[in-house]
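Quick one, fold the following:
(one chain, ligands or ions: 1)
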Amino acid sequence: MQEDLSTTSLFKKRMSYLGNGDQYFYKEPLHITKGEDVWLFDKEGKKYLDVYNNVAHVGHCNPVVVDAMVNQAAKLNTNTRYLHEHIVALAEAIIESMPEGLNVCYFCCSGSEANDLAFQIARNNTGNKGCLVTENAYHGNTTAVFQMSPEDCTANQRESWIGTIPGPQEYLEDEVRCIQKTKDQVTKLKSHNHSIAAFIADNIFSSEGIYLPREGYLQTLYALVKDLGGLTIADEVQSGFGRTGDFMWGFEHSGVVPDIVTLGKPMGNGHPISAVITTREIADGFNRDYGYFNTFGGNPVSCAAGLAVIRYIKDNNLVKHAKTVGNYFQKELVRTIGTNDLVKDIRGSGLFIGIEMKDDTITSSTVEQLMNNGVLVGQTGPNNNVMKLRPPMTFQKEHADFVVQQLEKIQLNF
Ligand SMILES: Cc1ncc(COP(=O)(O)O)c(C=O)c1O
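Residues are numbered from 1 along each chain as shown. The predicted structure follows:
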């Protein structure tokens with residue numbers, strides 16, 4: 001039997017046993033013991049509106065997803081060395097949602113693994129080594145993908161095959177400067193004998209401060225990268241599965257078609273599953289030179305979860321819902337706190353909203369106070385001054401109203 005520890009002793013034990021023991025949210029870490037739709041409950045039964053966790057995409061412990069997983073777990077769990085209906089059905093459902101030509105899937109277990117594989121495929125296909133990423137991007141934690149994540153990988157840790165280019169905000173401010181900086185990075189890579197294998201971008205530019213790119217940004221970069229013989233990778237780990245409204249995938253807002261797409265986080269509603277999707281031609285080239293096997297990637301239980309998530313999104317029209325509720329939420333935020341001196345901008349798309357504040361201290365204090373008032377949000381951006389609102393897709397207008405009310409209360413204390 002597991003000991004029933006107090007939150008304090010649980011925290012102390014965690015700090016002593018875990019390699020990443022200090023990575024928790026809030027000054028006093030929350031001890032969450034139950035989740036239900038958009039709500040989380042702590043050990044004392046206090047209820048929090050979850051406006052942060054995109055992984056529980058169709059709601060915490062969604063009974064449809066739980067049933068699908070439980071039923072499959074009770075029947076069989078193996079790996080992709082055997083035939084199984086679920087993996088084929090999931091690949092088919094994903095491919096149906098992609099632009100024509102993106103018709104081959106690989107399954108993995110995390111966003112980092114998916115991006116790592118995508119980059120390996122790009123290197124194989126192009127024969128090049130270099131990679132372009134935006135200046136504060138985050139794409140994961142493997143040895144290669146850490147390098148592709150300047151948010152964590154500082155300039156002095158960065159290897160010579162990485163070039164960092166401006167995000168969509170700078171393109172908006174000064175397109176010419178932005179393109180010149182990108183070309184300078186390509187020249188820098190060339191001086192180290194690296195040509196471009198890939199450009200990878202998270203299509204809601206979350207760690208850049210949450211920007212849906214305006215017309216032109218991705219188109220221009222995609223054309224430039226193609227000219228240089230590289231491939232384009234759309235990292236849909238955050239922007240995928242309808243989160244940004246209107247479209248299932250974030251890149252669709254820009255009217256571009258990537259060579260490779262990677263999926264993760266929301267894909268299994270909390271169960272670890274991710275995927276890489278590319279063209280038959282690119283996949284065949286890779287398959288000729290490399291074997292790919294992933295013990296847990298694409299197992300029948302994970303695929304049951306993935307299928308249930310996609311079906312739930314479709315059955316409940318959640319892409320449209322994200323747009324309707326997201327628009328309402330943004331409008332209400334603009335109406336109530338938009339003119340506050342401490343708020344610099346409110347932006348985003350669908351159910352992915354950023355509130356840029358005056359500085360990181362005010363943002364941290366707001367995030368902490370909201371938690372005390374029963375609302376969980378996050379914090380991001382190069383200056384850590386953007387409040388990140390990214391709730392489960394089952395979030396309703398009344399939940400948006402609750403957040404706005406709590407923000408209005410807190411405003412008085414600024
Ligand atoms: C855009 C993006 N890509 C990739 C990853 C890595 O995913 P994972 O943590 O599942 O490895 C993350 C995680 O935060 C992410 O936000």
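
how about whichever residue of the stretch 301-414 of the chain sits closest to the ligand, what does it touch?
Per C-beta to the nearest ligand atom, the residue of the stretch 301-414 of the chain with the smallest distance to the ligand is residue 380, at 9.6 Å. To be clear about C-beta, it is placed using only N, CA and C from the backbone, and glycine gets the same treatment. With contact set as C-beta atoms under 8 Å, 6 or more residues apart in numbering, residue 380 has these partners: 206-207, 209-210, 354, 386, 388.

switch the cut-off to 10 Å
Residues in contact with residue 380 (C-beta atoms under 10 Å, 6 or more residues apart in numbering) are 136, 138, 151, 205-210, 354, 363, 386-388, 390.

Filter these down to just the ones in strands.
Members of these lying in strands (criterion: DSSP state E): 354, 386-388.

Show me which residues of the stretch 1-150 of the chain sit near the ligand.
Contacts of the stretch 1-150 of the chain with the ligand, taken as C-beta under 6 Å from any ligand atom, map to 110-112, 115, 138-141.

Just give the closest residue to residue 327, not the sequence neighbours.
Computed as C-beta to C-beta, 6 or more residues apart in numbering, the closest residue to residue 327 that is not its neighbour in sequence is residue 245, at 7.6 Å.

Can you get me a residue count around the one you found?
Using other C-beta atoms under 10 Å, residue 245 is surrounded by 23 other residues.

Do you know the pLDDT at it?
pLDDT, residue 245: 98.

And for residue 261?
99.

Relative to the ligand, which of the residues of the stretch 1-150 of the chain next to the ligand is nearest.
Using C-beta to the nearest ligand atom, those come closest to the ligand at residue 111, 2.4 Å.

now that closest one, nearest residue through space, not along the chain?
In space, and not counting its chain neighbours, residue 111 is closest to residue 264: 3.1 Å by C-beta to C-beta, 6+ apart.

which parts of the helix or strand hosting residue 408 are buried?
For residue 408, the element it lies in under DSSP states H and E is helix 397-411. For helix 397-411, the neighbour count (16 or more other C-beta atoms under 10 Å) marks 399-400, 402-404, 406-407, 410 as buried.

just the residues you listed now: which is nearest residue 70?
Distances from residue 70 to these, taken as C-beta to C-beta, are shortest for residue 399 (27.5 Å).

shouldn't the closest one be in contact with residue 374?
No: with contacts counted by C-beta atoms under 10 Å, residue 399 stays clear of residue 374, the gap being 11.4 Å.

re earlier: and the ligand, which of the buried residues of helix 397-411 reach it?
Applying C-beta under 6 Å from any ligand atom, the subset of the buried residues of helix 397-411 adjacent to the ligand is empty.

which parts of the stretch 201-350 of the chain sit against the ligand?
For the stretch 201-350 of the chain, the residues in contact with the ligand (C-beta under 6 Å from any ligand atom) are 202, 206, 235, 237-238, 264-265.

and of the residues you listed, the nearest to residue 195?
Nearest to residue 195 among those, with distances taken as C-beta to C-beta, is residue 235, at 21.2 Å.

May I have the beta-bridge partners of that closest one?
With DSSP bridges as the criterion, residue 235 is bridged to residue 202, residue 262.

And for it, the neighbour number?
32.

ditto for residue 2
Residue 2 has 4 nearby residues by other C-beta under 10 Å.

Many thanks, we can stop here.
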